[in-house]
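Participant: pasting the structure only:
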C-alpha cells in the first residue's frame, strides 16, 4: 500500500486543496463540534438552563454545530493515511500519536466528563490504533510477498517448455491457484488485523470507537481509487452508525433521521476529492497536534466561566 497506485489519488490538476487547508478545515469544524458537545450540551445536561424557550434554542443550536462537526473526523482519518504513506518513520509517527494521546487525555476528560474518566479516551487513541492497523495490513502484504514462491512459476514455465503444452497448462493452473490462495490469505490477514484494531478501540472506549478504526482501514484500502474512496468510505461510515443506533434499541425512524443528519460526512470526502497532494509546511508540523489538547482546555475554562455567571 505504501506508494503502489497512490499516484492515482494525488491529482495533477492545478489548484485544488492542500493538506494544510484540509487540516485547517478539519480543525475549524472540530472546534465547532466541541463547542456544541463540550459547552452547550453540558449546560443543558448539568441543569444550568431552566427556561424552556432558551433550552430549546440552545438545543437546536447544538444540533446544528454537531452536524457541522461531523465533517472533521473523516478528514483527520484521510490525513492519517496520507501521513502514513509518506512518513519516514512509522515508529516515530506512532510515538507522536501516543505522546499526544497521553497529553490530551486529561483535557478531554475535563471537557466532556467534568473530571477524570477512564471509560472514555480521546481521538488520538483511535488514530493511533488506526495507524497500527495500517502498519499491520502492510505487514501482511510484505509477509506474503516474502513467501510468495516466486520461483515456482518460473520452474513451471521451464518444465512446460521441456514437456510441452500439457505441462505448461498444468504450471499455469498451479500459478493461478497460488495467486488465488495468496489473495485469500491477504484478505484474511487484513480482516484479522482490522478486527483486532476494532476490538482494541471498543475495549478502550476511544472516541469514535471501532467505527473510527474501520473508517481508517477502509480509507487505507481505497486510497488507490479516488472515486471509490469518496463514495464507498462515507457510505460505510454511515452504515456502521445506523447499525450501532439500531443495536442500541433506537427506532428505525430515529436511526434514519440521525444518519441523514450526519450526511455532512459526504462534504468531508468532497473536499478530499479536490486534494492536490501538496504536503504541509514543516513549520506547521506540531501546530495541529498541539491544537487538540490546548483547545480542549480553553473550552473547559470557558464553560467554567459560564457556570460561574
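Facilitator: Looks like it arrived, so ask away. The structure presented is a predicted model; accordingly, all values stated were derived computationally and were not measured.
Participant: helix, strand or coil for residue 278?
Facilitator: Assigned with DSSP: H, G, I helix; E, B strand; the rest coil, residue 278 falls in the coil class.
Participant: just give the closest residue to it, not the sequence neighbours.
Facilitator: residue 18 (4.1 Å; Cβ to Cβ, 6 or more residues apart in numbering). Yep, even glycine has a C-beta here, placed from its N, CA and C like the rest.
Participant: per-residue pLDDT of the one you found, please?
Facilitator: What the model reports for residue 18 is a pLDDT of 90.
Participant: what's the local residue count around it?
Facilitator: 16 (other Cβ atoms under 10 Å).
Participant: so that it lines up with my notes, have the first residue be 332 from now on.
Facilitator: Will do, 332 is the new start, and the previous item becomes residue 349.
Participant: what's the distance between it and residue 564?
Facilitator: 20 Å (Cβ to Cβ, to the nearest Å).
Participant: got it, and residue 446?
Facilitator: 35 Å.
Participant: residue 514: how many residues sit nearby?
Facilitator: Residue 514, neighbours per other Cβ under 10 Å, totals 11.
Participant: got phi/psi on it?
Facilitator: phi -60, psi -40 (degrees, to the nearest 10).
Participant: go on, residue 606?
Facilitator: phi -60, psi 130.
Participant: more neighbours, residue 446 and residue 564?
Facilitator: Using other Cβ under 10 Å, the more surrounded residue of residue 446 and residue 564 is residue 564, with 26 against 7.
Participant: tell me how far that one lies from residue 355.
Facilitator: Residue 564 is 21 Å from residue 355, by Cβ to Cβ.
Participant: ok, residue 581 touching residue 590?
Facilitator: No. Using Cβ atoms under 8 Å, residue 581 is not in contact with residue 590, being 10.4 Å away.
Participant: tell me which of those two has more neighbours.
Facilitator: residue 590 (18 against 15).
Participant: do you know the pLDDT at the more buried one?
Facilitator: The model's pLDDT for residue 590 equals 90.
Participant: mind giving me the packing neighbours of the strand or helix carrying it?
Facilitator: Assigned by DSSP states H and E, residue 590 belongs to helix 583-592. Packing partners of helix 583-592 (3 or more Cβ pairs under 8 Å, 6 or more residues apart in numbering; DSSP states H and E): helix 557-578.
Participant: low-confidence ranges, the stretch 432-581 of the chain, go.
Facilitator: 479-503 (pLDDT under 70).
Participant: let's see 90
Facilitator: Along the stretch 432-581 of the chain, the parts satisfying pLDDT under 90 run over 445-447, 449-450, 475-514, 555-557, 576-581.
Participant: now do the strands in it.
Facilitator: Using DSSP state E, counting those that start in this stretch, no strands are assigned anywhere in the stretch 432-581 of the chain.
Participant: buried residues in the helix holding residue 590?
Facilitator: Buried residues in helix 583-592, counted by 16 or more other Cβ atoms under 10 Å: 586, 590.
Participant: how many neighbouring residues does residue 526 have?
Facilitator: 15.
Participant: with adjacent residues omitted, what lies nearest to residue 621?
Facilitator: residue 431 (7.9 Å).
Participant: so the one you found sits against residue 623, correct?
Facilitator: Yes. Here residue 431 reaches residue 623: they are 6.8 Å apart, a contact under Cβ under 8 Å.
Participant: find residues that contact each of those two.
Facilitator: Counting by Cβ atoms under 8 Å, 6 or more residues apart in numbering, the common neighbours of residue 431 and residue 623 are residue 455.
Participant: how about the helices in the protein?
Facilitator: Listed in chain order, the helices of the chain (DSSP state H) span 350-366, 372-376, 383-400, 403-417, 421-444, 454-477, 482-494, 496-535, 540-553, 557-578, 583-592, 596-604, 618-639.
Participant: export the ones you listed to a markdown table and tack on distance to residue 610?
Facilitator: As requested, the helices of the chain are exported to a markdown table (distance: least, Cβ to Cβ, whole Å):
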| stretch | distance to residue 610 |
| --- | --- |
| helix 350-366 | 5 |
| helix 372-376 | 36 |
| helix 383-400 | 26 |
| helix 403-417 | 7 |
| helix 421-444 | 14 |
| helix 454-477 | 17 |
| helix 482-494 | 39 |
| helix 496-535 | 26 |
| helix 540-553 | 17 |
| helix 557-578 | 18 |
| helix 583-592 | 34 |
| helix 596-604 | 15 |
| helix 618-639 | 13 |
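Participant: who's in contact with residue 461?
Facilitator: Per Cβ under 8 Å, 6+ apart, neighbours of residue 461: 408, 411, 528, 543-544, 546-548.
Participant: need those residues in JSON lines (columns: distance to residue 466 and neighbour count).
Facilitator: Formatted as JSON lines, those follow (distance: Cβ to Cβ, whole Å; neighbours: other Cβ atoms under 10 Å):
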{"residue": "408", "distance to residue 466": "15", "neighbour count": "29"}
{"residue": "411", "distance to residue 466": "12", "neighbour count": "21"}
{"residue": "528", "distance to residue 466": "10", "neighbour count": "26"}
{"residue": "543", "distance to residue 466": "16", "neighbour count": "26"}
{"residue": "544", "distance to residue 466": "13", "neighbour count": "30"}
{"residue": "546", "distance to residue 466": "17", "neighbour count": "25"}
{"residue": "547", "distance to residue 466": "11", "neighbour count": "30"}
{"residue": "548", "distance to residue 466": "11", "neighbour count": "25"}
